[in-house]
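Asker: show me how the following folds:
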Amino acid sequence: MTSKMSTLPCMQVRSVLIKLMSVCAVLLLCPASDELSYLVLLEAALLLLVCASTQLYTQHTAAPRGTHPLLEPLMEQQQLSAALVSALLGLVVACQPMPTKLALHSPPTRSRPTVMRLVRSAAATVFWIPLRTYQYIVRQKHPHDGAGSPLSDLALTLLLVLAHYPAHHAQLQNGVRQGLHQLQDTGSLAAASPRNGQAAGSVSSFSFARLYDYFAAGPQSEGSTLLLYTLLHGCKSFQEYVLVRSDPETLLVPVLQQLYRANKRRANHLYMLQIIILILSQDTSFSHNIHKVLLPGSVTWYQERMLQKISLGSLVFVVLLRTVHKNVGQLQDLYLPTNTLAALANLAPQVISLHSHAAQRLVGLTALLARRWLKISQSSAAGDVVLSPPPQDLQVLGDFLRILLEVINCILALNLARNPDLVYALLHKQEVFAQLRGQQGLTDLVNNLQAVIDYFNSKLESINSNYATAPEGQAEWSVDRVLELVQSFTQSWRPNRLKHLPEMRFVYEEEAAPEEFFVPYCWSLAVAGTAGRLLSWNLGQMALLTQLSEVEVSGDGTGSLEGQASAASSHWSDEGPAAHAQPDGIV
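Answerer: This next block holds a predicted model:
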């Protein structure tokens, strides 16, 4: 067979492969009803992924037409795109485990076995046997666990790779991306009446309820998070469906949990998670509703303190503020704190009943940045070359401080009476804000906060003086007592004491060349998810992923890429998505 194939002309081989790809695309429309069909679908998805992998061997994502001789003909088959999108989403959401009678072929390792390698392998086997037994008996497989559903994991990888292919550079239309953007809900009448007079078969449709349940099933993998981002950003119908759901906590809590546990080496995943929150925060109704949802019990995965009787909106504040606090110390990567603070600014006008821990984190982070900004400003004014950072760093730090002051000011200006814990936290850190008075660019914000501090200080001092003249002596200022007094003083508070300032709103927009980030990111997930399990990749020949030197395959078969975070961060800093400030009222 090999000798015959080698004599075929190159164009004839290409023609055969294109026809085979078309057959594979059609096969993916069939259900995986038994072992044979499951294996056929797996091989069909693998073939399509391999044929699209020519992207890995080009340095530039925006390649001219003819660079990808197999992927481009697949993009031209517009009549299959809508059905292919629906079929791949069905495979992803089904999370169908591999039949017990099937076993995946693992590519052999290239390195020769040594005595030490055999000893380590034996020791690892002894360790993994009881652990795997425990996991099999006690723990349930998570629906996003790629090891439990190779077909679902591979379908997700293939869908992302095809959807983010920049076909416009080759004067083509990406039917897969168009299918995702025009996706309609099969459970609504919109699916029965396609937009713009399109034929029913040319519009992809899927159950939005099934998609929502898939994303809400638990902490997302990087691939499922990227799919959620792709749908929220590109598919208006799905975004509207998510925003009007009456149970936002089922989707948002898993996202917050992943954001809380994010590993710094997984910078791309961290970006996607916080941008999902930023996109959702742009909707005023959604921002208002999350503060009405009271989470039952306690948030068990939050380790800093016990969080009980906390609203979903307050939990969003806590996790976002924690993320900024952990990443604002180093100003090399500005997209993460900028987009996180942008989400906080969007949420601020609707904040009610902010939890005490969220209020303490908000005021505490503001005070921390204020001290740092004041110290650096004084060093720069004194000409201290050692302590003075670059001027742009001082400017960035000042911008972050201003956004946090805007958030506090907005909450107090609109809902002071409904946020007594924020007033208490402000009184507790009042000496820091006093130092900001007179600072250029912060005058109006600081004056408003100082007006609040002065008002409640005067009220508390009057109570203290009354107690001092009484026989019992001075009042006992417990936290509960001060909060009770603050709540009572808000009844006589008049909002016109504060100067009206325009609200700061942010809108997420992709940069002009988003493929510079998304194409390498998708392929890094593809290589990591299949290496050592389904395919054998030669990373040394991959021009697209030049910073990736090694694929690590964990015990459960899922892969990770060495150097992925740094590679993604560089792409992100140059071409990645960001939030943009807009005038008041523009969403």
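
Asker: break down the stretch 451-587 of the chain into its helices, ranges please.
Answerer: Counting by DSSP state H, counting those that start in this stretch, the stretch 451-587 of the chain has helices at residues 479-489, 515-530, 564-575.

Asker: try the stretch 1-150 of the chain
Answerer: 2-7, 10-27, 35-52, 71-76, 78-94, 115-137, 150-163.

Asker: likewise the stretch 201-350 of the chain?
Answerer: Per DSSP H, counting those that start in this stretch, the stretch 201-350 of the chain carries helices over the ranges 208-216, 222-234, 236-244, 249-260, 267-281, 284-290, 312-327, 335-347.

Asker: right, and these - which one's nearest L39?
Answerer: If you check each of the helices of the stretch 201-350 of the chain against L39 by C-beta to C-beta, helix 222-234 wins as the nearest, at 21.7 Å. C-beta coordinates here come from the backbone N, C-alpha and C atoms, glycine included.

Asker: the helices of the stretch 201-350 of the chain: which one's closest to N419?
Answerer: Set against N419 and scored by C-beta to C-beta, those come closest in helix 312-327, at 10.2 Å.

Asker: so what's L151 up against?
Answerer: Shown in contact with L151 (C-beta atoms under 8 Å, 6 or more residues apart in numbering): 32, 38, 41-42, 45, 91, 96, 98.

Asker: now it. Nearest residue, chain neighbours left out?
Answerer: Setting aside the residues directly before and after it, L151 is nearest to L42 in space (C-beta to C-beta, 6 or more residues apart in numbering), at 5.3 Å.

Asker: what's the burial count for A513?
Answerer: As a burial measure, A513 scores 15 neighbours (other C-beta atoms under 10 Å).

Asker: and it, how close does it get to M75?
Answerer: Taking C-beta to C-beta, to the nearest Å as the measure, A513 falls 19 Å from M75.

Asker: on that earlier part again, weakest of the helices of the stretch 451-587 of the chain by average pLDDT?
Answerer: Between these, the one with the least mean pLDDT is helix 564-575; it has a mean of 30.

Asker: the residue nearest to L151 reaches L154, doesn't it?
Answerer: Yes - with contacts defined as C-beta atoms under 8 Å, L42 counts as touching L154 at a distance of 6.5 Å.

Asker: more neighbours: these two, which one.
Answerer: Set L42 next to L154 and count neighbours by other C-beta under 10 Å: L154 wins out with 28 against 20.

Asker: need the overlap of contacts for L42 and L154.
Answerer: L534.

Asker: quick one on the thing from earlier: scan the contacts of L151 and report the most crowded one.
Answerer: In terms of neighbours by other C-beta under 10 Å, these top out with A45 at 26 neighbours.

Asker: returning to what we had before: redo the contacts of L151 as CSV? Include pLDDT and distance to G529.
Answerer: Formatted as CSV, the contacts of L151 follow (pLDDT from 0 to 100; distance: C-beta to C-beta, whole Å):
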residue, pLDDT, distance to G529
A32, 74, 19
Y38, 86, 18
L41, 86, 16
L42, 88, 13
A45, 88, 12
L91, 92, 14
Q96, 89, 17
M98, 84, 15
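
Asker: distance to V26 for those residues - can I get that in TSV?
Answerer: Conversion of the contacts of L151 to TSV gives the following (distance: C-beta to C-beta, whole Å):
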residue	distance to V26
A32	15
Y38	17
L41	11
L42	15
A45	13
L91	14
Q96	19
M98	22
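
Asker: which among the residues you listed gets closest to Y521?
Answerer: The nearest one, if we look at the contacts of L151 relative to Y521 and count by C-beta to C-beta, is A45, at 19.5 Å.

Asker: the closest one contacts L154, correct?
Answerer: Yes - taking contact to mean C-beta under 8 Å, the distance of 4.7 Å between A45 and L154 places them in contact.

Asker: now do the same end-to-end measure for stretch 486-500.
Answerer: Across stretch 486-500, the straight-line distance between its terminal residues is 23 Å, by C-alpha to C-alpha, to the nearest Å.

Asker: figure out how far that stretch is from the centre of its chain.
Answerer: For stretch 486-500, the gap between its own C-alpha mean and the chain's C-alpha mean amounts to 37 Å (C-alpha atoms, centre = their mean, to the nearest Å).

Asker: just to revisit the earlier point, ok, so of the contacts of L151, who is nearest L401?
Answerer: Checking the contacts of L151 against L401 by C-beta to C-beta gives L91 as the nearest, at 47.8 Å.

Asker: please name the nearest non-neighbouring residue to the closest one.
Answerer: Here the residue nearest L91, using C-beta to C-beta, 6+ apart, is A155, at 3.7 Å.

Asker: ok, now G175?
Answerer: Of all residues not flanking G175 in the chain, S81 sits nearest, at 2.8 Å (C-beta to C-beta, 6+ apart).

Asker: and for the one you found, the neighbour number?
Answerer: Tallying neighbours of S81 according to other C-beta under 10 Å, which is how burial is gauged here, yields 24.

Asker: residues touching G175, list them.
Answerer: In this structure, G175 makes contact with 75, 77-78, 80-82, 84, judged by C-beta under 8 Å, 6+ apart.

Asker: farthest pair in the residues you listed?
Answerer: For these, the maximum inter-member distance is 13.6 Å, found between M75 and A82 (C-beta to C-beta).

Asker: what about the stretch 451-587 of the chain, any weak spots by pLDDT?
Answerer: When the per-residue scores of the stretch 451-587 of the chain are filtered using pLDDT under 70, the ranges that remain are 466-476, 546-587.

Asker: which residues does the closest residue to D185 other than its chain neighbours contact?
Answerer: For D185, ignoring the flanking residues on the chain, the nearest one in space by C-beta to C-beta, 6+ apart is F208 at 4.2 Å. Residues near F208 by C-beta under 8 Å, 6+ apart: 185, 187-188, 237-238, 241.

Asker: by neighbour count, which of these wins?
Answerer: Using other C-beta under 10 Å as the neighbour criterion, F238 leads these with 23 neighbours.
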